[in-house]
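got a predicted structure plus its sequence, pasted below:
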Protein chains: 2
Amino acid sequence: MLVSFLKGGRRLFALAVGAGLGFGLSAVALAQQPWTAQSSDPRKLGWMQGAPPPPDRIVRFADGSYFAFPQWRWTVCHFQQLMPTSPVSRGLGAPRPLPRAERTDIESISFQPTGASAPISFGEAFERNFTDGLVILHEGRIAYERYAGCLADTGRHGAMSVTKSFTGLLAEILIAEGNLDENRRVDSYVPELARSAFGDATVRQVLDMTTGLRFSEDYSDPAADVWKHGAAGNPLPKPADYTGPRSYFEFLTTVAKAGVHGQAFGYKTVNTDAMGWILARATGQPLNELLAARIWSRIGAELEAFYTVDSIGTPFAGGGLNAGLRDLARIGQLFLDGGKVDGIAVVPEAALASIARGGSKSAFAAAGYAQLAGWSYRGMWWVTHNQNGAFMARGVHGQSLYVDPAARVVIARFASHPEAGNAANDPTTLPLYRAVVEHLQAGSRR
Amino acid sequence: MLVSFLKGGRRLFALAVGAGLGFGLSAVALAQQPWTAQSSDPRKLGWMQGAPPPPDRIVRFADGSYFAFPQWRWTVCHFQQLMPTSPVSRGLGAPRPLPRAERTDIESISFQPTGASAPISFGEAFERNFTDGLVILHEGRIAYERYAGCLADTGRHGAMSVTKSFTGLLAEILIAEGNLDENRRVDSYVPELARSAFGDATVRQVLDMTTGLRFSEDYSDPAADVWKHGAAGNPLPKPADYTGPRSYFEFLTTVAKAGVHGQAFGYKTVNTDAMGWILARATGQPLNELLAARIWSRIGAELEAFYTVDSIGTPFAGGGLNAGLRDLARIGQLFLDGGKVDGIAVVPEAALASIARGGSKSAFAAAGYAQLAGWSYRGMWWVTHNQNGAFMARGVHGQSLYVDPAARVVIARFASHPEAGNAANDPTTLPLYRAVVEHLQAGSRR
């Protein structure tokens, strides 16, 4: 799934994807700019509705149309129907309902977006971010919940790079248990990576993405590594003239070193895929089964989740998770409840604390994220270091899981913003989340 | 999914599938005859185990290896990982546990297989049928439950043509409600089928498979229609030189009439696909959503189910359902409980009665099933007309759901027998089921 590691700059359309894959794809794009949440609503546009759908309303993986906008607003809820996937079992028990204490006053919030001259309303922000679902927990109770676009509470949505944070959480769990050594070299877990850039990196360097890697994510360059990574992981049969790596694992063995490890943060999806390989070797379990055993089956999840997989069935550790929105929020709540669910320890507190305390701010600063000044990256989570100690899981097109320990607030959002990079929605997203937290804190104090 | 409509004769291997598809596939087969349940155990053979799996233990959809034996014993639990699928939601409520009253004495049953000179044990039958899971309900309680091969109670298994019986049940529900007219012509629901064989058939003729169709299921003939049907429904991109129909629906429009409708039973998968199309048009819902709304979300199912889909997302009504075994048993139990779950009507009794009373024995006799003498076919279920009024859903490779109303017994079985046609396992299966029923009835009388 190519799209999951698009992080910056403008979103590319199907034509570029096709070129990058080296497959003969035909571009599909409806010419309408600028799109709004309303004009791109997948229910109104009727993607894949009807038996059969009209030809101009069919969305496919193979021709790249799944990746074009506005089809993307349908795609984000339907990866299972587009490609092979592997389940993350919720187990067989009863779901554990999240208690509710709904706060309709949340809709009255208004706030000033970064760089804007006037405030906008909560509802405007919901639309402007092409939000598909938003759940706000306060003190463990649902304070707000709303769905739009293709999503409902019975459905799942691509988590994109929020996936990374769950891969990271699993790694932190194993480290806290002593089942994974953060100081060991990667090649001691995965000998196949010995000659790659990852070989002499430590597990912790991979986990904090301070590895020195030659891996280009320049989406305007058809020869960029990011396209080769996507082609390797594409589950469709490779074209006859294809000579590149044929799986995520094979791709990782080809990543060359650039610079030194441990100095600067560099957000590169391949670190998470390498982490997935390390986890599979350390536990003997594929990632989907590991996530099910350690977390999904133990939090009272309502919906089975799933990962997209490559042609040999490897879950895409860097971006392939699809899940229900309330289940996403349950993961955030774990951090506020010391890793316990109904008093039973699910995640070691040390694993959660490792993430919450953040990583090196100076290493992070080197990456130059203008809107994330003072943040750090730790265990594949984004740590704000604000006065509340908030941290986030973030995925392209607006996916986010925001955890504010001081305010005991969790904000889980799925979205299908036309621009992949979160730089496009952060000016609205980050002040919104701060405003929600302040509003709920003010309400608590009253 | 080609394999789902293999019903008779010897099982074909990947080479034939490749030829039939017109795709350039390479055959994979491990030469060992005869296979036993033990020697073909997918856990022992290690299919898709490891990160990555060894090259000779990789199973793929695209190269046909998924369909070779013994890989097939892994495949039956992993269709989601091999191809695109569409979910059948169980809803968000708590599963409704099946009560247990286990009867270890069931394992002491022995019985005489059809045509055999000596009895075999229950355990031998379990092995001989390559059973992956067996659940026996008596009086609504689990009397016996055992898993093997790739299956566990948290997993799902291809139901193969048991799928047809659920498509049929949905149709009977709509008929009982007055939302589908069994006497109307098919083309009044699906105008696109007007010029096909289905156009002037009634809904009931399709539902009882008494249509007169030119549709060859001769698996030894590479030009047989069954391969063209599989190629049409194959979700992978079509080869450049492919000129045939490109979806299940398109294929149905090409089916020509042979003979007259309403006279003889002819087991042809395309009837069920046509029924799926009729249901989608009558309800406005795709089949996966219809099954979820009408049944899956209302029986306290433990696991989400799913359908395999073609390249435009159409669920394979004739054979694409994958489900948990206890959930399969729950559907059987519906028939014994008058369509009610916890006193709430889920399925109209008239729909269940329509199936249970069976169809035309003379129409069925014309099809010449030697081992099923005196049976009939109604609403896409196989009706024994034995003294207990038992009826079955049946799928290739040994899938079955056996309902005995008089004995209040349900037997749900998933299997991965190397031979597709149930003629290969019926000599063991049918006397076994009768012996189980007699054993439980005798126990009840004691």
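Nice, thanks for sending it over.

which residues in the stretch 301-446 of chain A form strands?
Counting by DSSP state E, counting those that start in this stretch, the stretch 301-446 of chain A forms strands over residues A:305-308, A:321-323, A:340-341, A:344-345, A:376-378, A:381-383, A:391-395, A:399-404, A:409-415, given from the N-terminal end onward.

make that the stretch 101-250 of chain A, sorry
Under the criterion DSSP E, counting those that start in this stretch, the stretch 101-250 of chain A carries strands at the ranges A:110-111, A:120-121, A:131-138, A:141-147, A:157-158, A:213-214.

winner for burial among those?
Comparing the strands of the stretch 101-250 of chain A by mean neighbour count (mean count of other C-beta atoms under 10 Å in any protein chain shown), strand A:157-158 comes out on top with a mean of 28. The way it works is simple: take the backbone N, C-alpha and C, and place the C-beta from them, glycine included.

list the neighbouring strands of that one plus their orientation.
On the basis of DSSP bridges, the sheet neighbours of strand A:157-158 come out as strand A:321-323 (antiparallel).

got the contact list for the strand it pairs with?
When contacts are taken as C-beta atoms under 8 Å, 6 or more residues apart in numbering or on different chains, the neighbours of strand A:321-323 outside the stretch itself are A:79-80, A:85, A:88, A:156-159, A:162-163, A:166, A:291, A:303, A:305-308.

save the strands of the stretch 301-446 of chain A as CSV, and put in mean pLDDT and mean neighbour count too.
Listed next are the strands of the stretch 301-446 of chain A as CSV, based on pLDDT from 0 to 100; neighbours: other C-beta atoms under 10 Å in any protein chain shown:
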stretch, mean pLDDT, mean neighbour count
strand A:305-308, 98, 26
strand A:321-323, 99, 29
strand A:340-341, 98, 14
strand A:344-345, 97, 10
strand A:376-378, 98, 24
strand A:381-383, 98, 25
strand A:391-395, 98, 26
strand A:399-404, 98, 27
strand A:409-415, 99, 28
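
which among the ones you listed is found nearest to A:L45?
When the strands of the stretch 301-446 of chain A are ranked by distance to A:L45, counting by C-beta to C-beta, first place goes to strand A:409-415 at 17.0 Å.

in its sheet, what does that closest one sit against?
Within its sheet, strand A:409-415 is paired with strand A:131-138 (antiparallel), strand A:399-404 (antiparallel), according to DSSP bridges.

report the angle between the axes of that strand and strand A:391-395?
With axes from the mean of the first three to the mean of the last three C-alpha atoms, to 10 degrees as the criterion, the two stretches strand A:409-415 and strand A:391-395 enclose an angle of 10 degrees.

what's the distance between strand A:409-415 and the middle of its chain?
Its chain's C-alpha centre and that of strand A:409-415 lie 12 Å apart, by C-alpha atoms, centre = their mean, to the nearest Å.

quick one: it to strand A:141-147, angle?
Going by the same axes, to 10 degrees, strand A:409-415 makes 10 degrees with strand A:141-147.

following element in sequence after the worst-scoring helix or strand of chain A on mean pLDDT, please.
For chain A, using mean pLDDT, DSSP states H and E, the weakest element among its helices and strands is helix A:14-21, scoring a mean of 34. Sequence-wise, the next helix or strand beyond helix A:14-21 is helix A:42-45, with elements assigned using DSSP states H and E.

in that following helix, which residues are buried?
Of all the residues in helix A:42-45, those buried under the rule 16 or more other C-beta atoms under 10 Å in any protein chain shown are A:P42.

with stretch A:350-357 instead?
Applying a neighbour-count criterion of 16+ other C-beta under 10 Å, one finds A:A351, A:L352, A:S354, A:I355, A:A356 buried in stretch A:350-357.

of these, closest to chain B?
Using C-beta to the nearest C-beta, A:A351 comes nearest to chain B of these, at 22.1 Å.

on that earlier part again, save the strands of the stretch 101-250 of chain A as JSON lines, and put in mean pLDDT and distance to A:W35 too.
Below are the strands of the stretch 101-250 of chain A laid out as JSON lines (pLDDT from 0 to 100; distance: least, C-beta to C-beta, whole Å):
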{"stretch": "strand A:110-111", "mean pLDDT": "98", "distance to A:W35": "23"}
{"stretch": "strand A:120-121", "mean pLDDT": "98", "distance to A:W35": "18"}
{"stretch": "strand A:131-138", "mean pLDDT": "98", "distance to A:W35": "14"}
{"stretch": "strand A:141-147", "mean pLDDT": "98", "distance to A:W35": "19"}
{"stretch": "strand A:157-158", "mean pLDDT": "98", "distance to A:W35": "18"}
{"stretch": "strand A:213-214", "mean pLDDT": "96", "distance to A:W35": "34"}
